[in-house]
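**Q** Coordinates for the following, if possible.
(one chain, ligands or ions: 1)
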Amino acid sequence: MIQLSVHPDPEAAAMAAADRIAAGVAEAQSARGAAHVSLAGGTTPRRAYELLPARLVDAAHVDWWFGDERCVPPDDPESNYRLVAESLLADTAIPPERVHRVHGEDPPPGAASAYAEELALAVPAGEGGVPVLDVAVLGLGEDGHTASLFPGDPALEVTDALVVPVVAVKPPPNRITLTLPVLRSAREVIILATGAGKRDAVSRVLAGPDPATPASLLADADVTLVVDGEASP
Ligand code: 6PG
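**A** Numbering: from 1, shown residues only. Down below sits the predicted model:
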């Protein structure tokens, strides 16, 4: 089920996303003594990541994962790890060793396998044998992509792998992404989208599952679409 949560501006949307992530973390820690959160890349979530540490009751015991990563070194301006290092990790309450980065500097197939192995070892699996993230934080592209799952990409059909390398239309092209089985298995999905450029994609996500809008394929999960007024249909 996809629920829309509209906020007056990007700052309010970032605060709402940070609040929801923190609530999901607290629920997981209370229920299972651990919390596993995958983070979105791109530019939108930076402010939410800056606001997040102060909202965490037990900031030291959260494992942070990535929904996707660009195949670049961790200090590259395009690196999603660098985005998290500059925002979430800027707060010393977050232990850097709890941030499980994708080794974007390595050859993509090997980096994808290594990340999948680390994820499977650390995150308890559900019935289907798929690791169950407590919270999956995602962004939304203007074409409806999420993580690095783009319209028409064969990665959308993958059911027998947790992580795959892709060649994307959004630069940088070489990326590594969690697959739909993992994202769909998350206990909660939070999609954060702001700005008028995302309004059409938001509308398509709300219209129901459509492979042309990959983020809409998460409709069976517990999804909250956090948007500002400009991105709201
Ligand atoms: C990435 C992201 C991607 C992003 C959307 C939105 O690595 O590019 O994971 O899915 O969330 O493209 O990007 P913006 O937040 O920059 O609009």
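**Q** can you list the residues of this protein near the ligand?
**A** Residues of the chain lying near the ligand by C-beta under 6 Å from any ligand atom: 40-44, 67-68, 80, 139-141, 145-148, 170. Where C-beta positions appear, they are placed from N, C-alpha and C, glycine not excepted.
**Q** What about the residues you listed, which are in strands?
**A** Counting by DSSP state E, these place residue 68 in strands.
**Q** Mind picking the lowest-pLDDT entry from the residues of the chain next to the ligand?
**A** For the residues of the chain next to the ligand, the weakest pLDDT value sits at residue 170, with 92.
**Q** quick revisit: are any of the residues of the chain next to the ligand buried, and which?
**A** Buried residues within the residues of the chain next to the ligand, defined by neighbour count using 16 or more other C-beta atoms under 10 Å: 40-42, 44, 67-68, 80, 139-141, 145-148.
**Q** follow-up on the earlier one: just give me the closest of the residues of the chain next to the ligand to residue 205.
**A** residue 140 (6.9 Å; C-beta to C-beta).
**Q** List phi and psi for that closest one.
**A** phi -140, psi 120 (degrees, to the nearest 10).
**Q** Touching, it and residue 213? I think so.
**A** No: contact criterion C-beta atoms under 8 Å: residue 140 and residue 213 do not qualify, at 9.2 Å.
**Q** so what's in contact with those two at the same time?
**A** By C-beta atoms under 8 Å, 6 or more residues apart in numbering, residue 140 and residue 213 have these common neighbours: 201, 205.
**Q** Using CSV, list the CA coordinates for stretch 215-224.
**A** What follows is stretch 215-224, C-alpha atoms only, in CSV (Å, rounded to 0.1, in the frame of the first residue of the first chain):
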residue,chain,number,x,y,z
ALA,A,215,9.0,2.7,-8.0
SER,A,216,5.3,1.8,-8.5
LEU,A,217,6.3,-1.9,-8.4
LEU,A,218,6.8,-1.5,-4.6
ALA,A,219,3.0,-1.1,-4.2
ASP,A,220,2.7,-4.3,-2.2
ALA,A,221,5.1,-3.1,0.4
ASP,A,222,4.3,-0.6,3.2
VAL,A,223,5.3,2.5,1.3
THR,A,224,5.1,6.2,2.5
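**Q** who touches it?
**A** 1-3, 5, 20, 136, 138, 140, 144-146, 156, 180, 183-191, 201, 204-205, 207-211.
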